[in-house]
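> what would the 3D arrangement of this be:
(one chain, ligands or ions: 1)
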Amino acid sequence: MNKFLMLFSLGLATCVLSGALVLAANARPQPAKKSLMKTETRKPTHSKSAYDIRPLTQARIDELAKKLTPEEARILLKKGTEPAFCGNLTDNKKDGVYVCRLCGLPLFSSDSKFNSGTGWPSFFRPFDPDHITYEKDTSHGMTRVEILCTRCGSHQGHVFDDGPKPTNLRYCVNSASLEFIEKKDGTIPWPEASRPVKVQNAYFGGGCFWGVEDRFQQVPGVIDAISGYQGGRTKNPTYKQVCYENTGHAEVVKVVFDPAVVSYSELLAWFFKFHDPTQLNRQGPDVGDQYRSAIFAESEEHLAAAKKFIEEQQKTDRFAKRKIVTQVASVVDAGPFYPAEEYHQDYHLKHGGSCPLPEN
Ligand SMILES: [Zn+2]
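Numbers count the residues shown, from 1 in each chain. Take a look at the predicted model:
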């Protein structure tokens, strides 16, 4: 029995090298149960719903603050609270989204609003978990959890654990901290400041997808990295099929990115730092065509950039004596990307063993 089969029969997934490290070492400290305050050190540049959540500069905040009324400024910038039953949004039952009054980031949606009877707008979950930041608040002789807008840091209210299912949370928010955008004819007329970024997708096969996904997820400007299968013949393949049947799929990571922050060319450069593009149908100890080096391009522009990049790389000292064997194809020829099973997603984040980005 070869090493791969032996590991598989032991009930372990593949990714021999990274998997072994994962099992052995440095699981991240888990946040206390029910605690909303993250101990996670990674600070994403974008939320999963594709909003740029990098903190605004003080100069930008000061500029935005000019539009606030004194009462709004007292609440948003000085952690004030409006009197109960006085806000204009407490009883609002219309369909739409609630965005940060200062910077426009969507914070809550009407589908999670409920009547708490407290006199303040109440929600059981945020629009996107990354859009809210939590701080311990010991003012007024109480210990509470303050909620702030992740992007501009403005005060929104507090969160309590006496809310309805499914979260059992109650986000208690000041009306003055929010601006309501009503849905019209089935769509939200998003103002400029409340729109997500226009994303692009890149597809990279560089051996075991756990490690490739983990590293791309750390690149500034990458919104999401998803492990999956692509480049083969079988529709909706399972991991077992990709390992044991001749499906032709490679383990591929779909990278969703903001081209205004990281360019496709920069992603290509990262990709070549993350793996060895000269190994044919393998990557380190992982052997088989599912581990092949591959780039599947979603546009003609990406395809041309990938071909040019490889041509240039081949001329560098790094590859002077070794041929780059990376497969390059358009997604039209490679076929659809199929996300892998849930247990493969964010593997290093869930189990530890993450590798920092290489420096050079
Ligand atoms: Zn904000």
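> dump the residue contacts of Glu182.
The contact partners of Glu182, by CB atoms under 8 Å, 6 or more residues apart in numbering, come to Lys94, Asp95, Gly96. Quick note: C-beta positions are derived from backbone N, CA and C, even for glycine.
> where do the helices sit along this protein?
Taking DSSP state H to define them, one finds helices in the chain at 3-9, 16-24, 58-65, 70-78, 209-216, 239-244, 264-274, 300-314, 331-334, 347-351.
> which of those sits most buried?
Among the helices of the chain, helix 209-216 has the highest mean neighbour count (mean count of other CB atoms under 10 Å), at a mean of 26.
> how far off centre is that helix?
Going by CA atoms, centre = their mean, to the nearest Å, the spacing between the C-alpha centre of helix 209-216 and its chain's C-alpha centre is 13 Å.
> then stretch 136-152?
How far stretch 136-152 lies from its chain's middle: 25 Å, per CA atoms, centre = their mean.
> mind checking the end-to-end distance for it?
Length of stretch 136-152, first residue to last, CA to CA, to the nearest Å: 18 Å.
> picking that back up, out of the contacts of Glu182, who's the most crowded?
Of these, Gly96 is surrounded by the most neighbours, 18 neighbours in total, counting by other CB atoms under 10 Å.
> skipping adjacent residues, who's closest to that residue in space?
Nearest residue to Gly96 in three dimensions, chain neighbours excluded: Glu182, at 4.2 Å (CB to CB, 6 or more residues apart in numbering).
> repeat for Val262
Of all residues beyond its chain neighbours, the one nearest Val262 is Gly221 (3.0 Å), with distances taken as CB to CB, 6+ apart.
> which residues touch that neighbour?
With contact taken as CB under 8 Å, 6+ apart, Gly221 is in contact with Thr45, His46, Phe257, Asp258, Pro259, Ala260, Val261, Val262, Glu266.
> where does it land on pLDDT?
Looking at Gly221, its pLDDT is 91.
> any idea how far Ser109 is from Asn88?
Using CB to CB, to the nearest Å, we find Asn88 at a distance of 18 Å from Ser109.
> of the two, which one has the most company?
Between Asn88 and Ser109, Ser109 has the larger neighbour count (other CB under 10 Å), namely 18 against 12.
> bridged to the more buried one, which residues?
Partner residues in beta bridges with Ser109: Val97, with DSSP bridges as the criterion.
> which stretches of this protein have low pLDDT?
Low-confidence segments of the chain, defined by pLDDT under 70: 1-42, 360.
> okay if I get the helices of the chain as JSON lines plus distance to the ion?
Shown next, in JSON lines, are the helices of the chain (distance: least, CB to the ion, whole Å):
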{"stretch": "helix 3-9", "distance to the ion": "47"}
{"stretch": "helix 16-24", "distance to the ion": "37"}
{"stretch": "helix 58-65", "distance to the ion": "8"}
{"stretch": "helix 70-78", "distance to the ion": "8"}
{"stretch": "helix 209-216", "distance to the ion": "27"}
{"stretch": "helix 239-244", "distance to the ion": "41"}
{"stretch": "helix 264-274", "distance to the ion": "28"}
{"stretch": "helix 300-314", "distance to the ion": "33"}
{"stretch": "helix 331-334", "distance to the ion": "36"}
{"stretch": "helix 347-351", "distance to the ion": "26"}
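> just the contacts of Glu182 now: which is nearest the ion?
For the ion, the nearest member of the contacts of Glu182 is Gly96. The distance, counting by CB to the ion, is 17.3 Å.
> which positions in the stretch 1-150 of the chain make contact with the ion?
Applying the criterion CB under 5 Å from the ion, the portion of the stretch 1-150 of the chain that neighbours the ion consists of Cys100, Leu102, Cys103, Leu105, Cys149.
> which of these fall in strands?
Among those, the subset assigned to strands under DSSP state E consists of Cys100, Cys149.
> the residues of the stretch 1-150 of the chain next to the ion into JSON lines, with extra columns for distance to Asp317?
JSON lines is the format used below for those (distance: CB to CB, whole Å):
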{"residue": "Cys100", "distance to Asp317": "50"}
{"residue": "Leu102", "distance to Asp317": "51"}
{"residue": "Cys103", "distance to Asp317": "46"}
{"residue": "Leu105", "distance to Asp317": "45"}
{"residue": "Cys149", "distance to Asp317": "48"}
